[in-house]
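A.B. asks: When you get a sec, could you give me coordinates for this:
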Amino acid sequence: MGDTYVFENPDKVTFGTIGRPSKRVFLMQVREDDQMLTVKLEKMQVSALSSYLGGIIAQAPRPAHLPDDLELEEPMIALFTVGALGAAYDEELDRVILVAEESEDYESLQMTLFDPTELRIADDNIGSALRVMATREQASALAIRGRALVEAGRPPCPLCGYPINPDGHDCPRTNGHRPPAI
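C.D. replies: Predicted coordinates:
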């Protein structure tokens, strides 16, 4: 079991990438005062979380001015790789709660969305966890930035969802060699 990192009033929450398309690494970075934490995600996780946040924000009161400082900061070293994500809007706190959990069971690592009120730290398969209480404005900016980063990369295959390289790819739906993206 790993550590839990809690950011109750973050100054910054952002997605970013390092590397070139087809070799990019997706990161989520959170800063509060002098504390900063970076975690690594998969492109599909950034896409799913961005879409999910867009739905949450659409049902919440309209956000005010969105933050514009969304660039990653040095050092860009991921503390852990995210295995599961959760997001929900807390009306009482007027915050969007984001939870990212590391999975120490890399054999069964897959992207899942779950209710962040069910933080599963007692689970033996969970490593470290990150809990962020973002403002609606931060969550909106995160969703917009995540979508922009995903769309700036390689286009997804319409059959399987995997990214298509300039020279094509082995689509599992057309007798390729990779497991399905489901």
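A.B. asks: Now name the helix or strand holding S47.
C.D. replies: Assigned by DSSP states H and E, S47 belongs to helix 43-59.
A.B. asks: As PDB, could you dump the C-alpha coordinates of that helix?
C.D. replies: Taking C-alpha atoms only, helix 43-59 is exported to PDB below (Å, rounded to 0.1, in the frame of the first residue of the first chain):
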ATOM      1  CA  LYS A  43      -3.800   8.900 -23.600                       C
ATOM      2  CA  MET A  44      -7.100   7.100 -23.300                       C
ATOM      3  CA  GLN A  45      -7.300   8.000 -19.600                       C
ATOM      4  CA  VAL A  46      -6.800  11.700 -20.400                       C
ATOM      5  CA  SER A  47      -9.500  11.500 -23.100                       C
ATOM      6  CA  ALA A  48     -12.000   9.700 -20.800                       C
ATOM      7  CA  LEU A  49     -11.400  11.900 -17.800                       C
ATOM      8  CA  SER A  50     -11.700  15.100 -20.000                       C
ATOM      9  CA  SER A  51     -15.000  13.900 -21.500                       C
ATOM     10  CA  TYR A  52     -16.300  12.900 -18.000                       C
ATOM     11  CA  LEU A  53     -15.300  16.300 -16.500                       C
ATOM     12  CA  GLY A  54     -17.100  18.000 -19.400                       C
ATOM     13  CA  GLY A  55     -20.300  16.200 -18.400                       C
ATOM     14  CA  ILE A  56     -19.900  17.100 -14.700                       C
ATOM     15  CA  ILE A  57     -19.200  20.700 -15.500                       C
ATOM     16  CA  ALA A  58     -22.200  20.900 -17.800                       C
ATOM     17  CA  GLN A  59     -24.500  20.000 -14.900                       C
END
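A.B. asks: need the next SSE after that helix, C-terminal direction.
C.D. replies: Next helix or strand after helix 43-59 toward the C-terminus (DSSP H and E): strand 82-90.
A.B. asks: Strands of the chain, start to end?
C.D. replies: Secondary structure of the chain by DSSP state E: the strands cover 4-7, 12-18, 25-32, 35-41, 82-90, 95-103, 112-114, 126-134.
A.B. asks: Which pLDDT does the model give the residue nearest to the spatial centre of the chain?
C.D. replies: Residue closest to the mean C-alpha point of the chain, counted by Cα atoms, centre = their mean, is V46 at 4.2 Å. For V46, the pLDDT comes out at 95.
A.B. asks: picking that back up, to R145, which of the strands of the chain lies closest?
C.D. replies: With Cβ to Cβ, the closest approach to R145 among those belongs to strand 12-18: 5.2 Å. Every C-beta, even on glycine, is put in place using the N, C-alpha and C of the backbone.
A.B. asks: What lies in contact with the closest one?
C.D. replies: For strand 12-18, contacts defined as Cβ atoms under 8 Å, 6 or more residues apart in numbering pick out 7, 24-31, 41, 46, 50, 67, 69-73, 76, 98, 132, 134, 138-139, 141-142, 145-146, 149, 153.
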